[in-house]
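Asks: coords below, sequence missing:
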Ligand SMILES: Cc1ncc(COP(=O)(O)O)c(C=O)c1O
């Protein structure tokens, strides 16, 4: 039985072309700046994101960390969404490594932060008691709102608020490529207003490893130094960067335009799930309105839903049927579509969820209705 793994788009494997490019990559010592493949990837990424320069890093979390190190000094503070990856899912790197605090604002169901609340979250630089606001961070797409894409206009408005106060804007664009496809704009349009952007290669673009941090030449120099500090200076790393160069090619030769298939598959999944008895709105910012799951909430490759059954039992049953979904916060389940998943796979998942729901005890028959699965299906990445 083929496994259908929808826990995350991080589970994607490199394409045959990526593997070939990796095997044949020209390499050098990247800490000396000598790796031609890394240099080509960084130039290509900077061009796509409309920035002066870019830096190849090991992961999205490292990208966000080095961006914070490049922007912030100890004792400063970042304004960010309360359910953002930066706050919840990076092992408090902002506190442990950067030495900063976070002012968390609640995201809205469209993935944005309220502009007036951002203005109100800035500290008084003349008050000796307060931290100093040093950064505003957005997440695009916004994960917990079911992967909503944030528009260039919204990003511009936030940048204006930050810049008027002498503070930079960082975009955690782990899935910025998905946002660009969903909105019909370029990645550069979305990154343009920000001072720095982090984008992952190892999610929907299917590279095995790596993320990009981009910004001004000066910012990237500081980020490079920060990357060294956290032990992220790698040597003949062109071997993995080669996959990124394949991913970032134009059109069908690359992996960005293909993301539209993932979005269509996610919508197909949500439509199928919404018709099943026992599938309901996930609540929270994923879909605030109670009642049935609303497939129109699916704009990119995330489907988050609630079930009126024991979640652990359903996830275990699905696993036995060869389908992996993810126990997500607030008692919900997440499915993420990605490279390698077909419409036929989606139909198999819908049928399996229907069967698992029929077999599972109703929520009032179990002791712990929101118990998390004891299996290792948990991931928020
Ligand atoms: C929004 C967001 N930012 C950052 C990251 C971190 O990426 P990585 O898993 O490569 O560290 C993720 C991972 O899924 C993410 O979803």
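Replies: Looks like it came in fine. Keep in mind that this is a model prediction, so the values were computed, not measured.

Asks: OK, contacts around the residue of the stretch 101-250 of the chain found nearest the ligand?
Replies: Among the residues of the stretch 101-250 of the chain, residue 174 lies nearest to the ligand; the distance is 3.4 Å by CB to the nearest ligand atom. Any C-beta I mention is one placed from the backbone N, CA and C, and that applies to glycine too. Applying CB atoms under 8 Å, 6 or more residues apart in numbering, we find residue 174 in contact with 60, 85, 139, 141, 198, 199, 200, 203, 211.

Asks: of those residues, list those near the ligand.
Replies: Counting by CB under 6 Å from any ligand atom, 60, 85, 139, 200, 211 from those sit close to the ligand.

Asks: what's near enough to touch the first one?
Replies: When the contact criterion is CB under 8 Å, 6+ apart, the partners of residue 60 are 85, 172, 174, 198, 200, 202, 203, 211, 381.

Asks: count of neighbours near residue 95?
Replies: 11 (other CB atoms under 10 Å).

Asks: With residue 283 instead?
Replies: 16.

Asks: Looking at neighbours, which among the contacts of residue 60 is most surrounded?
Replies: residue 198 (33 neighbours).

Asks: quick one on the thing from earlier: mind checking which of the ones next to the ligand among the contacts of residue 174 are in strands?
Replies: 139, 200, 211 (DSSP state E).

Asks: now those in TSV, with distance to residue 285 and pLDDT?
Replies: Shown next, in TSV, are these (distance: CB to CB, whole Å; pLDDT from 0 to 100):
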residue	distance to residue 285	pLDDT
139	12	98
200	21	98
211	25	98
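
Asks: Export the residues you listed as JSON lines, with columns for distance to residue 242.
Replies: Listed next are these as JSON lines, based on distance: CB to CB, whole Å:
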{"residue": "139", "distance to residue 242": "28"}
{"residue": "200", "distance to residue 242": "17"}
{"residue": "211", "distance to residue 242": "15"}
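
Asks: The contacts of residue 60 into a markdown table, with extra columns for distance to residue 227?
Replies: As requested, the contacts of residue 60 are exported to a markdown table (distance: CB to CB, whole Å):
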| residue | distance to residue 227 |
| --- | --- |
| 85 | 19 |
| 172 | 17 |
| 174 | 17 |
| 198 | 12 |
| 200 | 16 |
| 202 | 16 |
| 203 | 20 |
| 211 | 11 |
| 381 | 20 |
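
Asks: Just give me the least confident of the residues you listed.
Replies: Looking at those by pLDDT, the weakest one is residue 381, with 82.

Asks: any idea how far residue 173 is from that one?
Replies: 15 Å (CB to CB, to the nearest Å).

Asks: And for residue 22?
Replies: Distance from residue 22 to residue 173, by CB to CB: 24 Å.

Asks: just residue 41 next, same as before
Replies: From residue 41 to residue 173 the distance is 16 Å (CB to CB).

Asks: can you check residue 79 too?
Replies: 17 Å.

Asks: what about residue 266, which helix or strand?
Replies: helix 259-274 (DSSP states H and E).

Asks: Would you give the sheet partners of the next helix-or-strand element following that helix, along with the direction of each?
Replies: Using DSSP H and E, the helix or strand that follows helix 259-274 in sequence is strand 279-280. Strands that pair with strand 279-280, judged by DSSP bridges, come out as strand 302-307 (antiparallel).

Asks: what comes into contact with stretch 342-361?
Replies: Contacts of stretch 342-361 (CB under 8 Å, 6+ apart): 4, 6, 264-265, 268-269, 272-273, 276-279, 307, 309-310, 313-314, 317-318, 321-323, 325, 335, 337.

Asks: Now list the buried members of these.
Replies: 4, 6, 265, 268-269, 272-273, 276, 278-279, 307, 309-310, 313-314, 317-318, 321, 323, 325, 335, 337 (16 or more other CB atoms under 10 Å).

Asks: hmm, back to that, who's more crowded, residue 22 and residue 173?
Replies: Neighbour count, other CB under 10 Å: between residue 22 and residue 173, residue 173 has more, with 32 against 20.

Asks: if we look at the sheet, which residues does the more buried one bridge to?
Replies: Bridge pairing for residue 173 - DSSP bridges - gives residue 199.

Asks: So what's the residue count around residue 330?
Replies: With other CB under 10 Å as criterion, residue 330 counts 14.

Asks: same deal with residue 257?
Replies: 15.

Asks: residues contacting the nearest residue to residue 196 once chain neighbours are set aside?
Replies: Leaving aside its sequence neighbours, residue 196 sits nearest to residue 215 (CB to CB, 6 or more residues apart in numbering; 3.9 Å). Residue 215 is in contact with 51, 52, 53, 67, 70, 194, 195, 196, 197, 223, counting by CB under 8 Å, 6+ apart.

Asks: switch to 7 Å and redo it
Replies: 51, 195, 196 (CB atoms under 7 Å, 6 or more residues apart in numbering).

Asks: Just want to check the distance between the first one and the ligand.
Replies: Yep, that's residue 51 we're talking about. 18 Å (CB to the nearest ligand atom, to the nearest Å).

Asks: From residue 201, how far out is the residue of the stretch 1-150 of the chain found nearest the ligand?
Replies: Nearest to the ligand, among the residues of the stretch 1-150 of the chain, is residue 60, at 2.3 Å (CB to the nearest ligand atom). Relative to residue 201, residue 60 is positioned 9 Å away (CB to CB).

Asks: Residue 241 too?
Replies: Applying CB to CB to residue 241 and residue 201 gives a distance of 9 Å.
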